[in-house]
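Q: no sequence for this one, just the structure:
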């Protein structure tokens, strides 16, 4: 879509067609059985409809300037996937609004907070839910769905009993080996929607101390897909959050790029979208220059053509 919408002036692709092409790409993957749910491909205001499904007759066009939410997944021999990303199209000539960037960044901050959480065993998921919402709450914003659901192994994409949500009546503790989604969001009715979703597996955590001999748990990421830098307000990200994002993108590059060696267009896209991101620096900032030099040749030894800034 990047090439078709951004580089060829006037070309559009409908939500319905994009969803069909996504399904076809999945069907080509080894071990694929079927979609784990009908893909959600929502442009603009349709992205604010949480369980939107495009119809051929009424689908909106994706074009330069579009903000697009895509939530999709598949059933494979190795398990079930569910991933959501948001994209803004049109290159440098079309930019998201300040509010869209603020919302997207607050959602990402909540996503990172959940990803990095360490908690004592026997803790139910509703205790973790507030970590995802705090950055939105601080801006007077919220979302009206759970932060995460359980995921089955080539079974149901929404499968309990575990969840991460404000439903405190679900007292099921998160246990090692459980898989949950991490998908905070925000939806501006009639305008756009934002959701960033990865799947996580619960793993034992090594902690410096073990209060009362208790054990602790953490999340390990399963989903590897770039998070668009164009939609970020870097002033809202802390240095540790930016470090998380750069480390995540390096992991995406290192684990996915070997699978794309015979697909140069996809490989170039992945490279462009996993470059290190740094906050813009004022002229003469020696520390910034030193940091820039330290980036060296970029990820995985490929030449670093430019470092993404917003």
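A: All right, it came through fine. A quick note: this is a predicted structure, and the numbers were derived from the prediction, not measured.
Q: which secondary structure element contains residue 105?
A: Element membership for residue 105, per DSSP states H and E: helix 98-115.
Q: Next, please give the residue ranges for the helices of the stretch 201-310 of the chain.
A: Counting by DSSP state H, counting those that start in this stretch, one finds helices in the stretch 201-310 of the chain at the ranges 239-256, 264-272, 286-294.
Q: Mean pLDDT and mean neighbour count added to these, as TSV?
A: Every residue, glycine included, has its C-beta placed from N, CA and C. Listed next are the helices of the stretch 201-310 of the chain as TSV, based on pLDDT from 0 to 100; neighbours: other Cβ atoms under 10 Å:
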stretch	mean pLDDT	mean neighbour count
helix 239-256	98	16
helix 264-272	94	15
helix 286-294	48	11
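Q: Would you convert those helices into JSON lines that also reports distance to residue 231?
A: Below are the helices of the stretch 201-310 of the chain laid out as JSON lines (distance: least, Cβ to Cβ, whole Å):
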{"stretch": "helix 239-256", "distance to residue 231": "12"}
{"stretch": "helix 264-272", "distance to residue 231": "15"}
{"stretch": "helix 286-294", "distance to residue 231": "23"}
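Q: Check which residues of the top strand by length along the chain are buried.
A: Longest strand of the chain, by residue count under DSSP state E: strand 198-205. Residues 198-200, 202, 205 are the ones in strand 198-205 that count as buried (16 or more other Cβ atoms under 10 Å).
Q: Between helix 239-256 and it, find me the angle.
A: 100 degrees (axes from the mean of the first three to the mean of the last three Cα atoms, to 10 degrees).
Q: what's strand 198-205 in contact with?
A: Here strand 198-205 makes contact (Cβ atoms under 8 Å, 6 or more residues apart in numbering) with 81-83, 111, 114-115, 118, 148, 151, 174-183, 215-223, 225.
Q: Can I get the buried part of those residues as one PyMOL selection?
A: Here is the PyMOL selection string for the buried members of these, based on 16+ other Cβ under 10 Å:
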select buried, resi 81+82+83+111+114+115+148+151+174+178+179+180+181+182+183+216+217+218+219+222+223+225
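Q: so of the contacts of strand 198-205, which ones are in strands?
A: Among the contacts of strand 198-205, DSSP E puts 83, 118, 148, 179-182, 216-221 in strands.
Q: Dump those to JSON lines, plus pLDDT.
A: Output for the ones in strands among the contacts of strand 198-205, formatted as JSON lines (pLDDT from 0 to 100):
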{"residue": "83", "pLDDT": "97"}
{"residue": "118", "pLDDT": "98"}
{"residue": "148", "pLDDT": "97"}
{"residue": "179", "pLDDT": "96"}
{"residue": "180", "pLDDT": "97"}
{"residue": "181", "pLDDT": "98"}
{"residue": "182", "pLDDT": "98"}
{"residue": "216", "pLDDT": "98"}
{"residue": "217", "pLDDT": "98"}
{"residue": "218", "pLDDT": "98"}
{"residue": "219", "pLDDT": "98"}
{"residue": "220", "pLDDT": "98"}
{"residue": "221", "pLDDT": "97"}
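Q: Identify the bridge partners of the closest residue to residue 181 other than its chain neighbours.
A: Among residues not flanking residue 181 along the chain, residue 148 sits closest, at 4.5 Å (Cβ to Cβ, 6 or more residues apart in numbering). Residue 148 has the following beta-bridge partners by DSSP bridges: residue 164.
Q: Quick one: residues contacting the residue nearest to residue 202 when sequence neighbours are not counted.
A: Nearest residue to residue 202 in three dimensions, chain neighbours excluded: residue 178, at 4.7 Å (Cβ to Cβ, 6+ apart). For residue 178, the contact set (Cβ under 8 Å, 6+ apart) comprises 150, 162, 201-202.
Q: ok, how many other residues are close to the closest residue to residue 192 other than its chain neighbours?
A: Nearest residue to residue 192, sequence neighbours excluded (Cβ to Cβ, 6+ apart): residue 67, at 4.7 Å. Neighbour count of residue 67, defined by other Cβ atoms under 10 Å: 25.
Q: ok, now which ones touch residue 67?
A: 43-44, 47, 86-89, 96, 100, 192.
Q: picking up where we left off before, phi, psi of the residue nearest to residue 202?
A: phi -70, psi 150 (degrees, to the nearest 10).
Q: got it, and the one 10 residues further on?
A: With angles defined as degrees, to the nearest 10, residue 188 shows backbone torsions of phi -100, psi 100.
Q: from what I can see it touches residue 48, true?
A: Yes. Judged on Cβ atoms under 8 Å, residue 188 makes contact with residue 48 at a distance of 5.9 Å.
Q: Could you export the contacts of residue 178 as JSON lines, including pLDDT and distance to residue 278?
A: Output for those, formatted as JSON lines (pLDDT from 0 to 100; distance: Cβ to Cβ, whole Å):
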{"residue": "150", "pLDDT": "96", "distance to residue 278": "37"}
{"residue": "162", "pLDDT": "96", "distance to residue 278": "37"}
{"residue": "201", "pLDDT": "97", "distance to residue 278": "30"}
{"residue": "202", "pLDDT": "98", "distance to residue 278": "32"}
